[in-house]
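Student: Any chance you can model this:
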Amino acid sequence: MAPIKQHEQKEVVIPNLSVKDLLGAIPAHCFQRSAFRSSLYILWDFIVIGACYKAALTVEDYCTSSLPPSLLSSFAIFSAWSLYGFIAGLFGMGLWVIAHECGHGAFSESKTLNNIVGWILHSGLGVPYHSWRITHSKHHAQNCHMDNDQVFVPWTRKDFKLPELSEDDDLLGASVSDKVQEELWEALGDTPLVAAAQSFVYLGFGFPMYLIWNTAGQRRYPSFSNHYNPSAVMFSPRQYGQIILSDIGIILWLGAIVWSIQTFGFLTTFKTYLAPYLWVNHWLVLITFLQHTDPLVPHYHKDGFSFPRGALSTLDRSLLGDLGRAMGWLGAHATHGISETHVLHHVCSKVPHYNAWEASDALRKLLDRHGIERQGRPGGWAEVYRVFRACKFVEDDGPVVFYKNARGLAAARPVYMEEDASDSGFESTL
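Tutor: From the prediction side, this is the model:
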């Protein structure tokens, strides 16, 4: 029998750093939080959104009052409101990020103020504030833990009921026999059109599907576990009132939308609020999916997990950076660097976004000394498509697992740091 061809893999360093090591790399002043400074970013986001709304309204008024009805004027109006929806959605994602910082306690030193501001902002964006805050904190505590993470949990070979590896196949995915590859492709393979359609549905509806049906969430939870049920398995009895308060925020949000449609009409409500809202949900899923899903991101079964390993199992990406430097700057500015500084955010979620850039630079120096690379490709639609096709399942066995593609091949394999974690050394792969 001919030998099985070896698939080239990138060696990914599995860290053995302590929490003290990670936090000690961050300058002390980066942990300081200012309610005033944080509030200025809320004000700025609303100013930009308001200015874009005024610009779109001005274009529409000019076209309808000064130009004769024509296809060109209709296109100009459509383009103005489409651009408004896109920009407002980006800066609306910025507001989402600030509300998310409130949940982490990074907005200010006051827990009460954090919760008031977070509840208002997240309710206004259709997010059950406390419900999401609670499960999100669990996600941070056990990121990339196969049994305990809350979202973006990979499917395993057993979940898909896929054929087992042969004796000659490599568990780490460097080599898989042609027969097994064909069987896997038959079970998992997709066409470019299918992958594009899956990406579109996921980006458009992924977040409400997660909140309502636990889509892409922890699969050991009972069916129909959702963020609106105060008795759901992810919440404790003492959190019951907080979930009810979150639901009240959603009821008020839905009521405001219905009132707006009845008062101003569906079209006005859609172009003014609903279109940007859909963009916000889209950016949220795109950003968080790419932060946590990639062939080079390690996941851990319980015997391989630690908090530092989980915290470093994410990627920094330049949002829209694949469209050029200007769009990369816009993506980072509008969303307050949540995509570009995400590794730091998982190391310490109480660092406010305006200090996260400096803190990230300091943290990267430590990681670089240990050969730990957590910079991903720029985040955009093409990258979502690539990751969807490259990340199909992980193995049920092994302390550290990486995604495999539809042929059972993994792009990465683990390299373990030495126990004493010297600045230069790490051990060979298993």
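
Student: Quick one: mean pLDDT over stretch 411-423.
Tutor: In this model, stretch 411-423 has a mean pLDDT of 73.

Student: got the buried residues for stretch 40-54?
Tutor: Buried residues in stretch 40-54, counting neighbours by 16 or more other Cβ atoms under 10 Å, are found at Tyr41, Ile42, Asp45, Val48, Ile49, Cys52, Tyr53. C-beta coordinates here come from the backbone N, C-alpha and C atoms, glycine included.

Student: ditto for stretch 243-250
Tutor: Ile243, Leu245, Ser246, Asp247, Gly249, Ile250.

Student: cool, and stretch 144-164?
Tutor: In terms of neighbour count (16+ other Cβ under 10 Å), stretch 144-164 has its buried residues at 144-146, 148-157, 162.

Student: Closest to Lys404 out of these?
Tutor: The shortest approach to Lys404 among the buried residues of stretch 144-164 belongs to Arg157, at 8.6 Å (Cβ to Cβ).

Student: how about the strands in the stretch 301-430 of the chain?
Tutor: With DSSP state E, counting those that start in this stretch as the definition, the stretch 301-430 of the chain shows strands at residue ranges 400-401, 412-416.

Student: Pull up the pairing partners for the longest one, direction included.
Tutor: This means strand 412-416. strand 10-14 (parallel) (DSSP bridges).

Student: How about the shortest one?
Tutor: Here the strand partners of strand 400-401, with direction, are listed using DSSP bridges: strand 299-300 (antiparallel).

Student: now the strand it pairs with, how far from the chain's geometric center?
Tutor: Here strand 299-300 shows a centroid-to-chain-centroid distance of 17 Å under the convention Cα atoms, centre = their mean, to the nearest Å.

Student: Show me which helix runs longest in this protein.
Tutor: Among all segments of the chain classified by DSSP state H, the helix with the greatest residue count is helix 71-104.

Student: Can you name the next helix or strand after it?
Tutor: Along the chain past helix 71-104, the next helix or strand (assigned with DSSP states H and E) turns out to be helix 111-124.

Student: Tell me the helices and strands packed up against that next one.
Tutor: Applying 3 or more Cβ pairs under 8 Å, 6 or more residues apart in numbering; DSSP states H and E, one finds that helix 111-124 makes contact with helix 35-66, helix 71-104, helix 129-141, helix 240-264.

Student: Could you rerun that using 6 Å?
Tutor: Using 3 or more Cβ pairs under 6 Å, 6 or more residues apart in numbering; DSSP states H and E as the contact criterion, the secondary-structure elements in contact with helix 111-124 are helix 71-104, helix 129-141, helix 240-264.

Student: Throw those into a markdown table and include mean pLDDT and distance to Lys302, thanks.
Tutor: As requested, those are exported to a markdown table (pLDDT from 0 to 100; distance: least, Cβ to Cβ, whole Å):
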| stretch | mean pLDDT | distance to Lys302 |
| --- | --- | --- |
| helix 71-104 | 97 | 25 |
| helix 129-141 | 97 | 14 |
| helix 240-264 | 98 | 28 |
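
Student: Output the buried residues of stretch 40-54 as JSON lines; include the columns pLDDT.
Tutor: Shown next, in JSON lines, are these (pLDDT from 0 to 100):
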{"residue": "Tyr41", "pLDDT": "98"}
{"residue": "Ile42", "pLDDT": "98"}
{"residue": "Asp45", "pLDDT": "98"}
{"residue": "Val48", "pLDDT": "98"}
{"residue": "Ile49", "pLDDT": "98"}
{"residue": "Cys52", "pLDDT": "98"}
{"residue": "Tyr53", "pLDDT": "98"}
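
Student: Of those residues, which is the nearest to His336?
Tutor: Taking Cβ to Cβ as the measure, Tyr41 is the one of the buried residues of stretch 40-54 closest to His336, at 6.6 Å.

Student: Tell me the spacing between the spatially closest residue to that closest one that is not a sequence neighbour and Ile120.
Tutor: Closest residue to Tyr41 in three dimensions, ignoring its sequence neighbours and counting by Cβ to Cβ, 6 or more residues apart in numbering: Ile98, at 6.0 Å. In this view, Ile98 and Ile120 are 11 Å apart by Cβ to Cβ, to the nearest Å.
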